[in-house]
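Student: sequence first, then the predicted structure, then my questions.
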Amino acid sequence: MQVVESTATPTLQGIIKENVLFGSTVCTDEAGAYQGLAAAHFNHQTVNHSAGQYVNGNFHTNSIESVWAVIKRGHYGVYHKMSEPHRFRYIHEFAFRLNEGNCKYDTVDRLESLIRGVVGRRLTWKMLTQGI
């Protein structure tokens, strides 16, 4: 996950091209910013949410919709405000929760993963309040 400053075509397609293997299947909604992905060597499949379509054969956006739901619940239910300079920190937290929160992993293993992620990193109050 990453914070994006724009949902314009060059921004979103640039991120997709940098992070998704060419030839991969990319499932999106009908937003115009995704048009042209097939020409960029992706198998682009869409669902038309505005027409009430949420599944197109084997293709859907349910997984990413679940991610958005978790982030929105955290935003409105826990943090209430995510300040712009620190937005990436919130996103990293939710990525950790989604990636490491699977209950098939033992709690101790998940805690060890958390500790490995913070060892050698220090966040002072000054750094936090200066909006690094």
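Tutor: That came in fine, so what should we check first? Note that the coordinates shown come from a computational prediction; the quantities given were computed from them, not determined experimentally. Numbers count the residues shown, from 1 in each chain.
Student: do a quick rundown of the helices in this protein.
Tutor: 9-19, 62-74, 87-100, 107-118, 125-129 (DSSP state H).
Student: residue 53 contacts residue 59, doesn't it?
Tutor: No: applying CB atoms under 8 Å as the test, residue 53 and residue 59 come out as separate, 10.2 Å apart. Yep, even glycine has a C-beta here, placed from its N, CA and C like the rest.
Student: now do the shared contacts for the two.
Tutor: The contact sets of residue 53 and residue 59 overlap at residue 47 (CB atoms under 8 Å, 6 or more residues apart in numbering).
Student: show me the shaky parts of the chain.
Tutor: For the chain, the stretches flagged by pLDDT under 70 are 101-104, 131-132.
Student: now do the domain split for it, please.
Tutor: In terms of domains, the chain is parsed into 9-60, 67-129 (source: automatic domain parsing).
Student: can I get those in TSV with mean neighbour count?
Tutor: Converted to TSV, those look like this (neighbours: other CB atoms under 10 Å):
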stretch	mean neighbour count
domain 9-60	13
domain 67-129	11
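Student: so which of these is nearest residue 3?
Tutor: Of all the domains of the chain, it is domain 67-129 that lies closest to residue 3, at 5.0 Å by CB to CB.
Student: quick one: that closest one to chain centroid distance?
Tutor: The chain centre lies 12 Å from the centre of domain 67-129; the measure is CA atoms, centre = their mean, to the nearest Å.
Student: ditto for stretch 27-40
Tutor: 17 Å.
Student: can you offset everything so residue one is 7?
Tutor: Shifting the count to begin at 7 puts that one at stretch 33-46.
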